[in-house]
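>>> heads up, no residue letters with this:
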């Protein structure tokens with residue numbers, strides 16, 4: 001069976017969107033993932049703050065990498081996000097996943113997105129379907 005880092009590398013190397021966002025791996029372990037990215041000008045909306053899809057995309061990537069890290073191919077079936085604070089150009093965001101429930105076919109993850117001041121800017125919940133296929 002592949003290690004969490006090997007699975008991350010396989011996924012990331014075939015993930016042009018995460019690369020486009022500049023997402024970087026901080027740490028990965030079974031059921032866990034921590035990612036970071038810097039908010040750039042082209043990620044802003046008409047209000048001059050980060051588009052909500054930016055924190056969503058970062059958290060969604062953390063969900064994908066964490067849920068697949070156990071060696072079973074997993075895909076999201078339900079996700080939601082709460083935006084808690086505005087995100088500005090130049091902010092460095094960190095998404096930290098926490099596996100809350102794991103069964104044979106599904107798993108639940110909570111992802112906290114913080115800025116460089118360790119202020120929580122978004123909370124993301126994701127449920128994945130575990131396909132049973134090994135990486």
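The structure has been received and is ready for your questions. As the structure is a computational prediction, the values presented were derived from the model and not from experiment.
>>> switch to C-alpha atoms for all contacts and neighbour counts from now on
Fine.
>>> for the protein, what's the longest helix?
helix 52-68 (DSSP state H).
>>> any idea of the mean pLDDT for stretch 118-135?
Across stretch 118-135, pLDDT averages out at 98.
>>> residue boundaries of the strands in the chain?
Here the chain has its strands, by DSSP state E, at 24-29, 32-38, 72-83, 92-102, 106-114, 120-134.
>>> what residues sit buried inside stretch 103-110?
For stretch 103-110, the neighbour count (16 or more other C-alpha atoms under 10 Å) marks 106-110 as buried.
>>> sorry, back to before: and the strands of the chain: which comes nearest residue 47?
For residue 47, the closest of those is strand 72-83, at 15.1 Å, according to C-alpha to C-alpha.
>>> outside of the closest one, which residues touch it?
The contact list for strand 72-83 (C-alpha atoms under 8 Å, 6 or more residues apart in numbering) reads 52, 56, 64, 67-68, 121-135.
>>> can we see that at 10 Å?
Strand 72-83 has contacts (C-alpha atoms under 10 Å, 6 or more residues apart in numbering) with 1-2, 7, 52-53, 55-56, 59-60, 63-68, 105-113, 120-135.
>>> do stretch 12-30 as well
Outside stretch 12-30, the residues within contact range by C-alpha under 10 Å, 6+ apart are 3-9, 11, 33-40, 42-43, 54, 57-58, 60-62, 65-71, 93-97, 99.
>>> tell me the contacts of the residue positioned nearest the centre of the chain?
For the chain, the residue nearest the mean C-alpha position is residue 62 (2.0 Å; C-alpha atoms, centre = their mean). When contacts are counted by C-alpha under 10 Å, 6+ apart, residue 62 touches 23, 25, 28, 32-36, 56, 68, 94-98, 109-113, 124, 126.
>>> buried sites along stretch 60-72?
For stretch 60-72, the neighbour count (16+ other C-alpha under 10 Å) marks 60-72 as buried.
>>> could you do stretch 72-83 as well?
Judged by neighbour count (16+ other C-alpha under 10 Å), stretch 72-83 contains these buried residues: 72-76, 79, 81.
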